[in-house]
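Chemist: Based on what follows, work out the 3D shape:
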Amino acid sequence: MSGVLAAVLTVLSLPFLAARVVGGRPPNPGPKLAALAPVGTVPALAGTAVAALSSWWLTVILAVPALILVAWQLPPVRPARPARGPGPGPDGKAMPLRMLTVNVMGGAADAEAIAATVAALGVDILAVQELTRGLVLRLALTSLADLLPESLLEPREGSGGTGLWARWPLTPLPPVDGLIAAAPRARIDPPGGPAVTVTVVHPVAPVADREHRWRQELGLIQSALAGTGGPQLAAGDFNASRDQRVPCPAPPGLRGLRRRCPPAALARLHLACGPPLPAADAAGSCAGLTPRGRGARGPHRPRARHRSSRRAGRPRIRSPG
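Modeler: Next up, the predicted model:
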């Protein structure tokens, strides 16, 4: 009886395994099952544990899909990088660049919390998805403009608005064409370092029969970044998990650096892609801020909206050579 139960539990995990193998590709429910691959590890491990009570050979067989699912949830192994020469900073070290990207949930986030987080983390570049005109007005009443005086804003009602704030001068560039949400791009010139192209994106979610549109928009983002030279950062809400085989939005040969979002998150954020010479050495992460009335307990409490991590990273920008 325990062997039958073990087999049934393992069978329940196989749809998640199959969707993960093919990278969460459409049609549905492929993208959803791949994103929920961590859930599939539960029946797989349970089946293996139950099988251990009845038969060793059944345990070995059922352990194979369980171990595969567990292995996919482990952090990726990053090879050690060789030491680099001195950077352009005044002290001979690489100049840090800190970026924060926030999905503000249709403009419902607390403007004061955003400004406070920017100040607390020492953010140099802020990318905002689902930016509305109302939130822009509320942010104007905070200290954000003093912290990040340069901006490129495309607010819209609903979830289609996007904004970019920076500490240093920025030059607007043509946006990524073909996306439903705004996808502004700009070149930012940090002092003492090379110019960095920043792209802020928010492709549609692979739900409600839009999974093919989701893949199409990811391809458009990748194509736009492939045609851009020099250091660049692509930040935003990609509506994807690391269990979905979503390509880093950069051309072959460029390095995409990723941080895994929390287990509850359904997003993989590709926040730094650039050529090996002047590329970012570390990728930033995003922080979602829960708006008031939805569980926030103070202005400094980052909260994930099923697609964010809670830290900002410091890409190190170096001049070529």
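
Chemist: who's in contact with residue 30?
Modeler: Shown in contact with residue 30 (CB atoms under 8 Å, 6 or more residues apart in numbering): 19, 22, 24, 211. The C-beta positions use only the backbone N, C-alpha and C, and glycine is treated the same way.

Chemist: pretty sure the third one is in contact with residue 35, am I right?
Modeler: Yes: the pair residue 24 and residue 35 qualifies as a contact (CB atoms under 8 Å) at a distance of 6.5 Å.

Chemist: that older thread, just flag the most distant two among the contacts of residue 30.
Modeler: 22 and 211 (12.7 Å; CB to CB).

Chemist: Would you list the phi and psi of residue 173?
Modeler: Backbone geometry at residue 173, expressed as degrees, to the nearest 10, gives phi -120, psi 160.

Chemist: Give me the phi and psi angles of the closest residue to it other than its chain neighbours.
Modeler: With CB to CB, 6 or more residues apart in numbering as the criterion, residue 173 has its nearest non-adjacent residue at 4.2 Å, and that residue is residue 185. Main-chain torsions, residue 185, degrees, to the nearest 10: phi -130, psi 150.

Chemist: Quick check, pLDDT for residue 36.
Modeler: For residue 36, the pLDDT comes out at 87.

Chemist: Thought residue 17 was touching it, still the case?
Modeler: No: counting by CB under 8 Å, residue 36 does not reach residue 17; the two are 11.3 Å apart.

Chemist: more crowded one of these two?
Modeler: Set residue 36 next to residue 17 and count neighbours by other CB atoms under 10 Å: residue 17 wins out with 21 against 18.

Chemist: tell me the mean pLDDT over whichever strand or helix holds that one?
Modeler: Assigned by DSSP states H and E, residue 17 belongs to helix 2-21. Per-residue pLDDT over helix 2-21 has a mean of 92.

Chemist: in the protein, which spans are strands?
Modeler: For the chain, the strands defined by DSSP state E cover 95-96, 99-103, 125-129, 150-154, 162-166, 170-173, 185-188, 196-201, 232-236, 255-260, 268-274, 316-317.

Chemist: Let's have these in JSON lines, adding mean neighbour count, distance to residue 63 and mean pLDDT.
Modeler: Shown next, in JSON lines, are these (neighbours: other CB atoms under 10 Å; distance: least, CB to CB, whole Å; pLDDT from 0 to 100):
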{"stretch": "strand 95-96", "mean neighbour count": "20", "distance to residue 63": "44", "mean pLDDT": "74"}
{"stretch": "strand 99-103", "mean neighbour count": "28", "distance to residue 63": "38", "mean pLDDT": "94"}
{"stretch": "strand 125-129", "mean neighbour count": "29", "distance to residue 63": "41", "mean pLDDT": "96"}
{"stretch": "strand 150-154", "mean neighbour count": "18", "distance to residue 63": "51", "mean pLDDT": "96"}
{"stretch": "strand 162-166", "mean neighbour count": "25", "distance to residue 63": "45", "mean pLDDT": "97"}
{"stretch": "strand 170-173", "mean neighbour count": "16", "distance to residue 63": "51", "mean pLDDT": "94"}
{"stretch": "strand 185-188", "mean neighbour count": "21", "distance to residue 63": "47", "mean pLDDT": "95"}
{"stretch": "strand 196-201", "mean neighbour count": "25", "distance to residue 63": "40", "mean pLDDT": "94"}
{"stretch": "strand 232-236", "mean neighbour count": "27", "distance to residue 63": "38", "mean pLDDT": "90"}
{"stretch": "strand 255-260", "mean neighbour count": "18", "distance to residue 63": "24", "mean pLDDT": "32"}
{"stretch": "strand 268-274", "mean neighbour count": "26", "distance to residue 63": "27", "mean pLDDT": "31"}
{"stretch": "strand 316-317", "mean neighbour count": "22", "distance to residue 63": "42", "mean pLDDT": "40"}
